[in-house]
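> sequence first, then the predicted structure, then my questions.
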Amino acid sequence: YSTDCENVVFKNFDIDYEKPFFTHGKVAWISPDKSEFDLKFDNTVYRPKGGEDVPSWSEVYGDRLFSVNGGLFVNYQVSQTRLIAPDLIRVSCTHSIDPLKIGMEIMLRHHTYSGSIFRLHHSKNHKIENVNIYSGMGMGIVGQYLDSIEIKNVNIEPAPHSKVPYSVSSDAINLLGCYG
């Protein structure tokens, strides 16, 4: 976090958290009122313990787990998660979720906008160069009310060796009210 600074340079490093900030799996069971479902997950990438926050989740598809255009995208509707088997997590929602279907691929995001990698505010002449953000929670780079920011050779993507499909759990770069 950087605020009210001048001439700050971030250069020549990688950021790669060991634990991803999401859980991917397929819906294996749905309660009759559709307010709970079980997600069978691939525990080779991330093994949830239950109790994780889920501020957002969406329907996904394909090898890169893209969000389904027009598919389910749910915010702030999960009240609880519980591990009920080694590869199965029960998700309890605040109300009925429809259309939820058996076999639907779901990505649970355990962070959305909190805890971003770079948060730069009310500053001048920032430079981010030769940086790889392979994983992290929240957004990659957030800049607000900056007078001149240079972003050069910055990659925000999963590490080449990684099995995870996403690098950050929200926007890669979000600049607001910046100039120069």
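Looks like it came in fine.

> is residue 92 bridged to anything, and to what?
The partner list for residue 92 in beta bridges (DSSP bridges) reads residue 36, residue 80.

> ugh, wrong one, I meant residue 105
Counting by DSSP bridges, residue 105 is bridged to residue 26.

> next one: it from residue 26, what distance?
6 Å (Cβ to Cβ, to the nearest Å). All C-beta spots, glycine's among them, are computed from the backbone N, C-alpha and C.

> who has more neighbours, those two?
Using other Cβ atoms under 10 Å as the criterion, residue 105 and residue 26 rank with residue 105 on top: 17 against 14.

> for that one, give me the pLDDT.
What the model reports for residue 105 is a pLDDT of 90.

> swap in residue 162?
In the prediction, the pLDDT value recorded for residue 162 is 79.

> in contact with the closest residue to it other than its chain neighbours, which residues?
Excluding the flanking residues, the one nearest residue 162 by Cβ to Cβ, 6 or more residues apart in numbering is residue 134, at 6.6 Å. Taking Cβ atoms under 8 Å, 6 or more residues apart in numbering, we find residue 134 in contact with 14-16, 157-159, 162, 167.

> restricting to C-alpha, output the helix or strand hosting residue 134 in CSV.
In the assignment (DSSP states H and E), residue 134 maps to strand 124-135. Taking C-alpha atoms only, strand 124-135 is exported to CSV below (Å, rounded to 0.1, in the frame of the first residue of the first chain):
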residue,chain,number,x,y,z
LYS,A,124,3.1,11.0,-8.2
ASN,A,125,5.4,9.2,-10.6
HIS,A,126,4.9,5.6,-9.8
LYS,A,127,6.6,2.9,-12.0
ILE,A,128,5.9,-0.8,-12.0
GLU,A,129,8.3,-2.7,-14.3
ASN,A,130,9.3,-6.3,-15.0
VAL,A,131,6.8,-7.7,-12.5
ASN,A,132,4.9,-11.0,-12.7
ILE,A,133,1.8,-11.4,-10.6
TYR,A,134,1.2,-15.1,-10.8
SER,A,135,-1.3,-15.3,-7.9
